[in-house]
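Enquirer: predicted model follows, preceded by the sequence.
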Amino acid sequence: MFCANAILSLAVAFSTAHGQELKQITLDDVIQGFFYPRTVSGVNWMKDGRYYTSQEYDSESKSQQVVKYDISTGARVETLFNGADFKTNEKPFEFDGYSLSPDETKILLKTDEERVYRRSTIANYYLYDGKEKKLEKINGDEKISYATFSPDGERIAYVKNRDLYYRDVKTLEETRITSDGKKNAIINGAADWVYEEEFMISKAFFWSPDGRKIAFYRFDETEVKEYNMQLWGPLYPEDYRFKYPKAGEANSKVSIRVYRLDDQKTIEIDAGTGPDDYIPKAMWTKDPNLLCIVKMNRLQNEMEIIHADAQTGKAKTAMKEKSETYVDINFNQEIIYLDNNEGFLRTSEQDGFKHLYLHDMNGRLVRQITKGEWEIDQVYGYDPSKKWIYYSSTEKSPLERIIYRINLDGKMKTILSPGDGNNWANFSPDLKYFINYHSSITDPLTVTLHTTTGRKTVKTLEDNARLKKTVSEYAFGSTEFFSFKNSAGDTLNGYMIKPYNFDSTKQYPVLMYVYGGPGSQNVMNDWGGTRDIWHHYLSQKGYIVACIDNRGTGGRGKKFKDEVYARLGELETQDQIEGARYLGSLPYIDAARIGIWGWSYGGYMASLAILLGADEFSMAIAGAPVTSWRFYDTVYTERYLKTPQLNPKGYDEYSPISHAAKLEDPYLLIHGTGDDNVHFQNTIEMTDALIAANKQFDLFIYPNRAHGFSDPAAAYHLYGLMTRFVENNL
């Protein structure tokens, strides 16, 4: 799955005192995150529900710490770990993340983390004993992944070189569970590339509730073809080869296995999976001998929830769901099991909007809990003592996310989050408290601690008051929502950023920003980030920046999202063209000077817009674009287009490569050669097609950079490059 926008997509309107001279936003401000809000991160709740811990930097000792806080007062209680107590070469011990043991006497600290792909990492892990004040490395010379305490706290499981292991916490003795792990062949306990990217699975093993078993994925990627990237730098550039299943090609063969600690035996679950089936989710139920496995067919229009006996490996289908398009479990296929085998909660779009359903353990529907023309966004948990379900939804507006609770019987729905705009939460394990993260177009991030009973605000953890004052001193424009009807009669939502000194009697050029991929959203009542600060930087130069969510985007139900099924690019591009036409009809916009830019799916959209909408668009920037869906992965592409064997027209008719000869206006192609997601191959093939059509265009290559640019030097160069292109061509 693409990254729709690594940074959120709305900004803010601030008024300033009469006569105040406003400061100008610079590219340095954009890249260095000068306007990025402070947050509260690294929060872990403690088991008794009264305390939580946070990873913090102590300026006095110049060290990282794990600090314990009292929930009821927000007061600091004690420092559980201080990096200053363990120095190496005069430097305090540094760590990238941590987790507490179940009895909270030990801490597992992750250090020297290296990113592999979007969600996968390898790292060194250290075990800190709070009673003995001892810090000990657990992984030797080789880095490991996903080290996780067992529920009883006696062992730590992890993946090393594609095999699954665990260590005894007391003795640190290592036990090897699997031994067939091999690069580009077999993976145990971690996901292959496409499962990591599209099903959001990286750690692929799970302790049973009693800590006596480990369920894990096994991927056999032997038949998956390799993609080859060159890594530039050495005298002879190196080849980097990894398994990447492109649309229509072979996937990994996936199975679920269970290792039993008691007899050190491993069994395979008989889930009835064939070579073209997916297992996008596996988890333990409340029963330590019962697994839940979600299985899908390759076209992802059939889904089964399967219950499997972890002792025998036998499995039975509890329920099935089918769709004429696809069953959407991509982001939040929440399944929550109730105590005492009373049943399970899940989300489904079966009535046209994503809602909550209650089933018994045999899969029979007990009731639909939420209803309406709005969607569940995220389910946070279920409190069995009070039968409350906690979730966020679009009930107020598709542009907002509000946090609610509702009873298991579908009654007594209550709003919990403070204020309009967008909210997400971090709930305590007992669901008595939650940390709320709130922002809107007029308010940067505010982080507050609340009770769920009585809905009391315990403490404001971060108000970003300094940022609010700073922004008021700069030339930020105003952000306004708008909507219009396309030719099909659909109402499309958008926003525009007007210059701070906007004059309605003048005409302004417009740069449209687009992502537009299935289920994504850019038009939301939320605070912005790097890309939006750049948009404000452009607005102070006299540009209006606008964004429109086309058909296929999320938050508005299955019908709106599924309109683009089997014909990606057609309706989305039509909506962006009609959006440009609508903007050009406004008296303060120069219809002859409308450009468009986007990254990833947005690069695909920007390419199609400049090729098919030459009458409306006068320039385009396409960053890391897909130029043929034949080059992208199986799971994402086939979900929306079926396979190329079944739907060749859907793959080729709206490929930018097929329309290269229509280019008439300035077009900038940008790509990193180390992009493991949308391969550089896309830009190479587009370049070749443009050359064959004798079309002039601009091309910029970033050596070894991945799909998103993480290093400041590349980011600074990128935004400078795009700024100059906009100024020269719009």
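Expert: Looks like it came in fine. Residues are numbered from 1 along each chain as shown.
Enquirer: now do the strands in the stretch 101-250 of the chain.
Expert: Along the stretch 101-250 of the chain, the stretches classed as strands by DSSP state E, counting those that start in this stretch are 106-115, 121-129, 134-137, 145-149, 155-160, 163-168, 174-176, 186-188, 205-207, 213-220, 226-231, 238-243.
Enquirer: quick one: which of these is nearest residue 674?
Expert: strand 226-231 (6.0 Å; CB to CB). Where you see a C-beta, it was placed from the backbone N, CA and C, and this is true even at glycine.
Enquirer: which residues are in contact with the closest one?
Expert: For strand 226-231, the surrounding residues in contact (CB atoms under 8 Å, 6 or more residues apart in numbering) are 184, 237-244, 246, 673-674, 676, 679-680, 704.
Enquirer: what mean pLDDT does it have?
Expert: The average pLDDT within strand 226-231 is 96.
Enquirer: quick one, that strand and strand 238-243 angle?
Expert: 150 degrees (axes from the mean of the first three to the mean of the last three CA atoms, to 10 degrees).
Enquirer: alpha carbons only: can I get strand 226-231 in CSV?
Expert: The C-alpha trace of strand 226-231 is given here as CSV (Å, rounded to 0.1, in the frame of the first residue of the first chain):
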residue,chain,number,x,y,z
GLU,A,226,13.3,-11.3,-7.5
TYR,A,227,13.5,-7.6,-8.1
ASN,A,228,17.0,-6.2,-8.6
MET,A,229,18.1,-2.7,-7.4
GLN,A,230,21.5,-1.3,-7.8
LEU,A,231,23.1,0.3,-4.8
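Enquirer: give me the buried stretch members for it, please.
Expert: For strand 226-231, burial by neighbour count (16 or more other CB atoms under 10 Å) applies to 227, 229.
Enquirer: the stretch 1-150 of the chain: helices as residue ranges?
Expert: 27-31 (DSSP state H, counting those that start in this stretch).
Enquirer: quick one: low-confidence parts of it?
Expert: 1-20 (pLDDT under 70).
Enquirer: out of the strands of the stretch 101-250 of the chain, the one nearest residue 383 is which?
Expert: Residue 383 lies closest, by CB to CB, to one member of the strands of the stretch 101-250 of the chain: strand 205-207, at 22.7 Å.
Enquirer: element containing the nearest residue to residue 383 once chain neighbours are set aside, please.
Expert: Spatial nearest neighbour of residue 383, excluding adjacent residues (CB to CB, 6 or more residues apart in numbering): residue 431 at 4.5 Å. Residue 431 is part of no helix or strand, with elements assigned from DSSP states H and E.
Enquirer: how near is residue 431 to residue 387?
Expert: Look at residue 431 and residue 387: by CB to CB, to the nearest Å, they are 11 Å apart.
Enquirer: surely residue 52 touches residue 67?
Expert: No. Using CB atoms under 8 Å, residue 52 is not in contact with residue 67; the gap is 9.5 Å.
Enquirer: of the two, give the one with the bigger neighbour count.
Expert: For residue 52 and residue 67, the more surrounded residue by other CB atoms under 10 Å is residue 52, and the numbers stand at 22 against 18.
Enquirer: and the nearest residue to residue 588 once chain neighbours are set aside, how many neighbours?
Expert: Leaving aside its chain neighbours, residue 588 sits nearest to residue 504 (5.2 Å; criterion: CB to CB, 6+ apart). Using other CB under 10 Å, residue 504 has 10 neighbouring residues.
Enquirer: could you measure residue 504 against residue 22, distance?
Expert: Counting by CB to CB, the gap from residue 504 to residue 22 is 20 Å.
Enquirer: how about residues contacting the lowest-mean-pLDDT helix or strand in the chain?
Expert: The weakest-scoring helix or strand in the chain, judged by mean pLDDT, DSSP states H and E, is strand 87-88 (a mean of 86). Contact with strand 87-88 is made by residue 93, as judged by CB under 8 Å, 6+ apart.
Enquirer: just give me how far it sits from the chain centre.
Expert: Between the centre of strand 87-88 and the centre of its chain there are 35 Å (CA atoms, centre = their mean, to the nearest Å).
Enquirer: repeat for stretch 629-647
Expert: 21 Å.
Enquirer: quick one: contacts for the residue nearest to residue 383?
Expert: Per CB under 8 Å, 6+ apart, neighbours of residue 431: 380-383, 388, 390, 452.
Enquirer: which residues does residue 257 form beta bridges with?
Expert: residue 216, residue 268 (DSSP bridges).
Enquirer: neighbours of it, how many?
Expert: 20.
Enquirer: where in the protein is pLDDT low?
Expert: Scanning the chain for pLDDT under 70 picks out 1-20, 330-333.
Enquirer: could you redo the last one with a cut-off of 80?
Expert: 1-20, 42, 72, 74, 330-333 (pLDDT under 80).
Enquirer: domains for it, by residue range?
Expert: Domain assignment for the chain, taken from automatic domain parsing, gives 27-35+468-729, 42-176.
Enquirer: out of the ones you listed, deepest packed?
Expert: Most buried of the domains of the chain by mean neighbour count (mean count of other CB atoms under 10 Å) is domain 27-35+468-729; its value is a mean of 20.
Enquirer: quick check: end-to-end length of that domain?
Expert: 19 Å (CA to CA, to the nearest Å).
Enquirer: repeat that for stretch 621-629.
Expert: 19 Å.
Enquirer: show me how far the lengthiest helix in the chain is from its chain's centre.
Expert: Once the chain is assigned using DSSP state H, the helix that runs over the most residues is helix 712-729. Centre-to-centre, helix 712-729 and its host chain are 25 Å apart (CA atoms, centre = their mean).
Enquirer: packing partners for it?
Expert: helix 27-31, helix 530-539, strand 589-599, strand 619-623, strand 667-672, strand 698-702 (3 or more CB pairs under 8 Å, 6 or more residues apart in numbering; DSSP states H and E).
Enquirer: including distance to residue 441, could the strands of the stretch 101-250 of the chain go into a markdown table?
Expert: Shown next, in a markdown table, are those (distance: least, CB to CB, whole Å):
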| stretch | distance to residue 441 |
| --- | --- |
| strand 106-115 | 32 |
| strand 121-129 | 34 |
| strand 134-137 | 46 |
| strand 145-149 | 38 |
| strand 155-160 | 42 |
| strand 163-168 | 46 |
| strand 174-176 | 52 |
| strand 186-188 | 43 |
| strand 205-207 | 40 |
| strand 213-220 | 41 |
| strand 226-231 | 40 |
| strand 238-243 | 41 |
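Enquirer: out of the ones you listed, which gets nearest to residue 618?
Expert: strand 226-231 (34.4 Å).
Enquirer: how far away is residue 171 from residue 263?
Expert: Applying CB to CB to residue 171 and residue 263 gives a distance of 20 Å.
Enquirer: and if you look at residue 636?
Expert: Counting by CB to CB - residue 636 and residue 263 are separated by 40 Å.
Enquirer: can you check residue 311 too?
Expert: Taking CB to CB, one finds residue 311 at 11 Å from residue 263.
Enquirer: ok, residue 299 next?
Expert: Taken as CB to CB, the span from residue 299 to residue 263 is 40 Å.
Enquirer: of those two, who's got more company?
Expert: residue 299 (17 against 7).
Enquirer: and the more buried one, what is it in contact with?
Expert: 326, 638-639, 642-643.
Enquirer: in helices only, show me those.
Expert: Those of the contacts of residue 299 lying in helices (DSSP H): 638-639.
Enquirer: before we move on, what SS does residue 602 have?
Expert: helix (DSSP: H, G, I helix; E, B strand; the rest coil).
Enquirer: could you number the chain from 228 rather than 1 from now on?
Expert: New numbering, starting at 228: the last item is residue 829.
Enquirer: name the nearest residue to it, sequence neighbours excluded.
Expert: residue 742 (4.3 Å).
Enquirer: can you check residue 253 too?
Expert: Using CB to CB, 6+ apart, the closest residue to residue 253 is residue 764 (7.5 Å).
Enquirer: show residues contacting stretch 480-493.
Expert: In contact with stretch 480-493 (CB under 8 Å, 6+ apart) are residues 382, 391, 402, 404-405, 422, 438-447, 450, 494-496, 498, 500, 502, 504-506, 509, 518, 520, 535, 537-538, 540.
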